[in-house]
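> Pasting a predicted model and its sequence here:
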Amino acid sequence: MKDDVVMLSRKALLQALQIAGAAVAVRPTLPVLNDVLIEALREEQILRISATNLEMALQMDARAAVGRAWRAAVPAREFLSWVKALPEGVVTMSLDEERHRLACRSGSSGGTFAVLDADEFPPMDWAIPERRLMVPQEVFRRIARDVAVAAARDDSFPTLTGVAFVPCDGALEVAATDGYRLAVLRIDGEAIAGPSIIIPAEALRKVAPFIGGDDVVVGWGERWAVFALNKQTRMMTLLVGGQYPPYHQIEPKSFRTTVRARKSLLQAAIRQMAIFAKETKLVRLDIAPEGMRMSAKSVELGAGEVVVPIDIDGEALTIGFNIDYLYDAIGGVDAEVVLLRGNAPEQPLVATGVDDGQYRHIIMPMHLG
């Protein structure tokens, strides 16, 4: 191998480009934000790929044979497209620093890419701050999937676009709400010193597919949080400013109706009713001892209904919900049997699990008309 050549598998290069590339700016304010930073590290024998949009950043290391160290900013989308089109095999890369060109080959395929000086790339400090905690990967996956889903998607209320990590009675609660629903995951045995922090939900959604088998290390300072997602992958994100709303205030303290139902049956029923609820998003629940009648209507299509077998304690209840929110709430419960608890048609419903008391999802009802 020549001294200036880097060699690695096409599969490893593609994975690193796809993961880091999730942070490439969509509408960049600087030309270099169209690029990924590629660093050939000779001592570690890795190829490190980083990208940022100035609000979040992703970085991944790929095992490689590195002849000499170099750094360059490479056009992200074009380089990724070229690597995607290659057959499986070994990719070789060499940098001509004087001409600002990156030459790449794989079998009979070759490509040369114009690059920018790596010093133009925004500096990033990937050191894990002192304030930190370690989150088991299965718990972090639930945060990214089942809690972040309840965060606001628009920035009318910026604080609500984040997921709050809140100290609570010697434990840690992770919460998200968009004002219409609230998802909370309690993590016993974990606590954070100082005030709560708010992490952008969008950053968590982006990294959810990349969470591996390792525990996730989360560290944060005044403005930034840094995540070690596994031994090869890291994320950095700006914290969301502001005070998170006191979400405990909307949670009911007692219930007049408690329903137990199998999660798989509830999900199947919701999928059926979603066909008829495309226009209004409204699904109606008529809860009684003989079962839960789930129904939805469409002006153009017609109407559908299904009865889900349940066990009920307390009063009958008729209530309506946004069908997408109901599906997310049921899906977030990690138990075979779901508990649905409520009080009245105009009051929220709480979804949790018989064997999953750490997670709860509260949904505000819709007016049935």
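Structure's in. What do you need? Residues are numbered from 1 along each chain as shown.
> where do the strands sit along the stretch 101-250 of the chain?
Using DSSP state E, counting those that start in this stretch, the strands of the stretch 101-250 of the chain run over residues 101-106, 109-114, 131-135, 162-168, 171-177, 181-187, 197-200, 216-220, 224-228, 233-238.
> packing partners for the last one?
Spelled out, that is strand 233-238. strand 56-63, strand 197-200, helix 201-207, strand 224-228 (3 or more Cβ pairs under 8 Å, 6 or more residues apart in numbering; DSSP states H and E). Bear in mind the C-beta positions are built from the backbone N, C-alpha and C, glycine included.
> measure stretch 81-93 end to end?
16 Å (Cα to Cα, to the nearest Å).
> average model confidence for that stretch?
For stretch 81-93, mean pLDDT rounds to 95.
> again with stretch 208-226
pLDDT averaged over stretch 208-226 gives 85.
> ok, now how distant is residue 104 from residue 120?
Here residue 104 is placed at a distance of 21 Å from residue 120 (Cβ to Cβ, to the nearest Å).
> Compare the two and say which is more crowded by neighbours.
A side-by-side neighbour count of residue 104 and residue 120, using other Cβ atoms under 10 Å, places residue 104 first with 20 against 13.
> pretty sure that one contacts residue 95?
No. Using Cβ atoms under 8 Å, residue 104 is not in contact with residue 95, being 10.1 Å away.
> wait, what's in contact with the residue nearest to residue 283 when sequence neighbours are not counted?
The shortest distance from residue 283 to any residue other than its chain neighbours is 4.2 Å, reached at residue 323 (Cβ to Cβ, 6 or more residues apart in numbering). If a contact means Cβ atoms under 8 Å, 6 or more residues apart in numbering, then residue 323 has 270, 273-274, 277, 281-283, 296 as its contacts.
> Report the buried members of those residues.
Neighbour-count burial (16 or more other Cβ atoms under 10 Å) applied to the contacts of residue 323 gives 270, 273-274, 277, 281-283, 296.
> Among those, which one sits closest to residue 238?
Comparing the buried ones among the contacts of residue 323 against residue 238 with Cβ to Cβ places residue 281 closest, at 32.2 Å.
> thinking the closest one is in contact with residue 327, fair?
No. Using Cβ under 8 Å, residue 281 is not in contact with residue 327; the gap is 10.8 Å.
> Save the strands of the stretch 101-250 of the chain as TSV, and put in distance to residue 313 too.
TSV is the format used below for those (distance: least, Cβ to Cβ, whole Å):
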stretch	distance to residue 313
strand 101-106	64
strand 109-114	65
strand 131-135	35
strand 162-168	28
strand 171-177	27
strand 181-187	23
strand 197-200	37
strand 216-220	38
strand 224-228	42
strand 233-238	43
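> any chance you could map the helices in the chain?
Using DSSP state H, the helices found in the chain span residues 10-21, 76-85, 137-142, 201-207, 263-274, 323-332.
> Using JSON lines, lay out the ones you listed together with distance to residue 346.
Listed next are the helices of the chain as JSON lines, based on distance: least, Cβ to Cβ, whole Å:
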{"stretch": "helix 10-21", "distance to residue 346": "45"}
{"stretch": "helix 76-85", "distance to residue 346": "49"}
{"stretch": "helix 137-142", "distance to residue 346": "30"}
{"stretch": "helix 201-207", "distance to residue 346": "28"}
{"stretch": "helix 263-274", "distance to residue 346": "21"}
{"stretch": "helix 323-332", "distance to residue 346": "16"}
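> which one of the ones you listed lies closest to residue 57?
Among those, the nearest to residue 57 by Cβ to Cβ is helix 10-21 (8.5 Å).
> Now do the closest one, average pLDDT.
In the prediction, helix 10-21 has an average pLDDT of 95.
> now do stretch 360-369
So the average pLDDT for stretch 360-369 ends up being 92.
> And for stretch 54-74?
For stretch 54-74, the mean pLDDT works out to 94.
> same deal with stretch 183-194?
78.
> before we move on, what about stretch 307-320?
Averaging pLDDT along stretch 307-320 yields 96.
> Quick one: end-to-end length of it, please.
Stretch 307-320: ends 15 Å apart by Cα to Cα.
> and what of stretch 146-154?
OK, stretch 146-154 end separation, Cα to Cα: 18 Å.
> heads up, I number from 799, so please use that
Will do, 799 is the new start, and the previous item becomes stretch 944-952.
> got the buried residues for it?
Quick answer for stretch 944-952 (16+ other Cβ under 10 Å): 944-950.
> Stretch 804-815 too?
In stretch 804-815, counting by 16+ other Cβ under 10 Å, buried: 804-808, 810-815.
> which one of those residues sits closest to residue 930?
residue 814 (24.7 Å).
> Touching, the closest one and residue 844? I think so.
No. Using Cβ under 8 Å, residue 814 is not in contact with residue 844, being 9.5 Å away.
> Now the common contact residues for these two.
The contact sets of residue 814 and residue 844 overlap at 859-860 (Cβ under 8 Å, 6+ apart).
> residues contacting the residue lying closest to residue 1052 once chain neighbours are set aside?
Closest residue to residue 1052 apart from its sequence neighbours, by Cβ to Cβ, 6+ apart: residue 1141 at 7.8 Å. Residue 1141 makes contact with 1050, 1052-1055, 1115, according to Cβ under 8 Å, 6+ apart.
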